[in-house]
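S.K.: following is a predicted model, sequence given first.
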Amino acid sequence: MQRKKVIGFSIVIGIFLIIFGIVYLIDGKRESFDYQNIIPEEIPYDMQEVLEYSYFFSVVNILNKYLNSIKEQDTEVLLNVLHEDYLNLYNINKNNLYSNIGDFSNLLQVSFKVKNMDYKKYDNKYIYYVKGDVIANLFEENEIIQNDAMFLVNIDYDNTCYAIYPLNGIDEFPIKEPLNVIIPNKDNELIGSNIITKDYICNLYLNDFIENINNNIEYSYDLLSDDFRKKQYPDKEKFITYLNDNKNKLSSQVYSCNSLSGRKRIYEIKDMNFNTYTITEESIMNYRVEFSIN
């Protein structure tokens, strides 16, 4: 009799352990990622570069709205657009929000300049990994106030909503499944980009190149195409001297713009002073320049 009780008890314990193991495995699969403790070896390299202007600039619009909501101290909007996973991880509420995401309330305007943008798709949901600089737009010049800021922008195109997950200085991360479901609200409705025309892109690239010449002339040397640099300006110091002597001849306004078809997008631009620029797009906002000053 005692033996039967022992056997029965062992069977019950065995069943309990099996059930516990199954539940543990299921919960383990559902567990969200700890973005603060990333193991580099787990990073997948199958994210794709964003090639479509409409998607690229929609994400840029989202981040610009987010940054300016920080500037305006619009707490309700920020809590509605930040991802639930991020809010939960840091126990964020209206009292500690700005100590986590930053405070730009002393700035006139703030914007985001993308360095690279990649994405991963799940059904009709997308996670965009965005890296770039947060720019303070001042009266006479712009200033980088946060270098290499990183975000995940999670977009649900079926429900036309999004959520932002700041990465807080993490370079890379593993993505094996989507973040938690985004709940639509009055503040996280998907922002579409304006119609992206050839003229818009030409203005964008010309302004960016001229801005680099004015504010970061050494970096503008790196924007030259390899062949052009070797043939025209092999000496960096001579290039810098030449541009400093001729800055007053440059214009950031586009007079004419043509696009060339091929393996890469190429734009031929003439500014209002009839200087010419050939801009070859390596990826969106990553370009190389050849130019001639009148």
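M.R.: Yes, it's here.

S.K.: what is the burial count for I183?
M.R.: Residues lying near I183 (other CB atoms under 10 Å) number 12. Heads up, the C-betas are built off the backbone N, CA and C, glycines and all.

S.K.: residues touching it, list them.
M.R.: E84, C161 (CB atoms under 8 Å, 6 or more residues apart in numbering).

S.K.: and it, which of the three is it?
M.R.: coil (DSSP: H, G, I helix; E, B strand; the rest coil).

S.K.: can you report phi and psi for it?
M.R.: phi -100, psi 120 (degrees, to the nearest 10).

S.K.: show me where the chain has its strands.
M.R.: Ranges of strands within the chain are 48-49, 110-122, 125-137, 142-156, 161-166, 254-260, 265-271, 276-283, 286-292, based on DSSP state E.

S.K.: what's the closest of those strands to E84?
M.R.: If you check each of the strands of the chain against E84 by CB to CB, strand 161-166 wins as the nearest, at 7.1 Å.

S.K.: now that closest one: mean pLDDT?
M.R.: Strand 161-166 shows a mean pLDDT of 92.

S.K.: touching that strand from outside, list them.
M.R.: 35, 62-63, 66, 81-86, 100-101, 149-156, 179, 182-185, 188-191.

S.K.: what angle separates it from strand 125-137?
M.R.: Our comparison of strand 161-166 with strand 125-137, counting by axes from the mean of the first three to the mean of the last three CA atoms, to 10 degrees, yields an angle of 60 degrees.

S.K.: how far is strand 161-166 from where the chain is centred?
M.R.: On the basis of CA atoms, centre = their mean, to the nearest Å, strand 161-166 sits 11 Å off its chain's mean C-alpha point.

S.K.: on that earlier part again, just the buried ones from the contacts of strand 161-166?
M.R.: 35, 62-63, 66, 81-83, 85-86, 100-101, 149-156, 179, 182, 188, 191 (16 or more other CB atoms under 10 Å).

S.K.: CA atoms of stretch 182-192 as PDB?
M.R.: C-alpha atoms of stretch 182-192 as PDB (Å, rounded to 0.1, in the frame of the first residue of the first chain):
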ATOM      1  CA  ILE A 182       1.500  48.600 -30.500                       C
ATOM      2  CA  ILE A 183      -1.800  50.000 -29.300                       C
ATOM      3  CA  PRO A 184      -3.100  52.900 -31.500                       C
ATOM      4  CA  ASN A 185      -3.800  56.100 -29.800                       C
ATOM      5  CA  LYS A 186      -4.400  59.800 -30.700                       C
ATOM      6  CA  ASP A 187      -0.700  60.600 -30.800                       C
ATOM      7  CA  ASN A 188       1.000  57.600 -32.500                       C
ATOM      8  CA  GLU A 189      -0.900  57.700 -35.800                       C
ATOM      9  CA  LEU A 190       1.600  57.000 -38.700                       C
ATOM     10  CA  ILE A 191       3.000  60.100 -40.200                       C
ATOM     11  CA  GLY A 192       3.300  59.900 -44.000                       C
END
